[in-house]
Structure formats: C-alpha cells, structure tokens
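heads up, no residue letters with this:
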C-alpha cells in the first residue's frame with residue numbers, strides 16, 4: 001500500500017543499517033530534533049511478545065519474529081511524522097523494502113567494517129545473529145547486508161560522529177532538503 005497523500009516533510013523516516021550502527025540512538029535524537037514520534041520496531045516486537053528478542057528467536061523462531069516485524073513496519077511506515085528504527089535484518093524482505101521506499105524517507109546509517117568491529121564487544125551478548133559466529137562469518141554477513149542497504153533515499157556515514165553530532169547533522173540536512181524541495185509559490 002502506497003501513501004500518496006503525504007508531502008516529503010510529512011513522510012516518516014526509516015533508519016536502516018547493520019546491527020549496532022546506532023539506528024535507535026540516533027533515531028531517538030533525530031525524532032526529538034524534528035518533533036516527531038520515535039518507533040523502534042524491535043522494542044515494539046518485544047512488547048508484543050513480552051520478552052527480549054533472543055528469547056523470541058529461541059521460543060517462537062525467526063520466522064515469527066520476521067512476520068511481526070513486517071506487520072509493524074507496514075503499519076508505522078504508512079503513518080506521518082515518525083522516525084522508525086528497523087532491525088538490521090528487516091530490509092532483507094523485499095516487501096518491506098518496497099513499502100518503505102514508497103511511503104517513507106529511507107535513511108541508511110552506514111559504518112565501515114573497521115569501525116563496526118570496535119563495537120562488537122557491546123553487541124555480542126544480545127544479538128541472536130552474532131551467536132556462535134566467527135569474526136569472518138560476521139564480516140561476510142556485514143558485507144552481504146551492505147548491498148541490501150544500498151537501496152535507500154539517503155546515506156550517512158556514521159564512523160566519525162557521536163550520536164548527538166549525527167542527529168544534529170541529519171536534522172539540519174533534512175530541513176535544508178525540505179526547504180529546497182518545498183513547492184514554490186506561483
């Protein structure tokens with residue numbers, strides 16, 4: 001379903017990128033700066049199942065997780081004025097890609113492999129897809145996902161930015177873009 005009625009200023013913004021890149025942290029800050037609601041799809045799934053994601057994967061399986069993820073992304077992507085953080089694997093589903101690209105501004109928060117590796121110690125315990133994988137396997141997953149994330153409206157390299165700096169930069173860039181693309185009075 002495509003939402004034709006929203007102006008570019010009203011469209012929700014979907015933050016995509018590899019796990020641990022800062023979609024939630026930067027997304028929350030960006031929502032504050034743009035006076036929008038923030039929706040973290042993973043948090044919404046955890047609320048629905050009343051358990052953390054690793055437990056959802058263990059008890060219900062990845063397929064159930066992905067189905068709920070898709071349902072929630074479809075729901076929120078058609079609403080105006082949200083900043084939506086989606087899990088690192090959400091964009092693997094073609095239907096999610098199509099819906100987000102049609103209804104929202106898709107913002108790819110990119111990070112280099114070298115910078116991301118520095119975060120692995122923070123992420124390893126609560127990310128099911130990292131469990132039992134070698135660093136080489138994780139790098140292959142990272143590179144595979146980079147190709148998927150190349151489908152976006154805008155890309156922002158986060159390597160050398162703190163979350164607050166990234167959110168400030170993105171808010172300013174979006175506001176400027178909205179001004180440039182605003183309909184001109186006749």
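Perfect, thanks for sending it. Fair warning: this is a prediction, and the values are worked out from it, not measured in the lab.

Going by C-alpha atoms from here, please, whenever you check contacts or count neighbours.
Noted.

Confidence-wise, which helix or strand of this protein is lowest on average?
helix 120-123 (a mean of 70; mean pLDDT, DSSP states H and E).

Show residues contacting whatever helix or strand comes next after that one.
Sequence-wise, the next helix or strand downstream of helix 120-123 (DSSP states H and E) is helix 135-149. Outside helix 135-149, the residues that touch it by Cα atoms under 8 Å, 6 or more residues apart in numbering are 16-18, 89, 91-92, 108, 113, 130.

Toward the C-terminus, what is the element adjacent to helix 135-149?
By DSSP H and E, the next helix or strand past helix 135-149 is strand 154-157.

Which strands or helices does that next one pack on?
strand 105-110 (3 or more Cα pairs under 8 Å, 6 or more residues apart in numbering; DSSP states H and E).

How far does the strand it packs on sit from its chain's centre?
Put simply, strand 105-110 sits 7 Å off its chain's centre (Cα atoms, centre = their mean, to the nearest Å).

So what are the sheet partners of it and their directions?
strand 13-16 (parallel), strand 154-157 (parallel) (DSSP bridges).

C-terminal to the last one, what's the next element?
As assigned by DSSP H and E, the chain's next helix or strand after strand 154-157 is helix 163-180.

Check the secondary structure at residue 84 for me.
Using DSSP: H, G, I helix; E, B strand; the rest coil, the structure places residue 84 in strand.

Pull out the buried residues from stretch 59-68.
65-66, 68 (16 or more other Cα atoms under 10 Å).

let me fix that: stretch 29-39
29-31, 34, 36-39.

Next, the distance between the ends of it.
12 Å (Cα to Cα, to the nearest Å).

All set, thanks.
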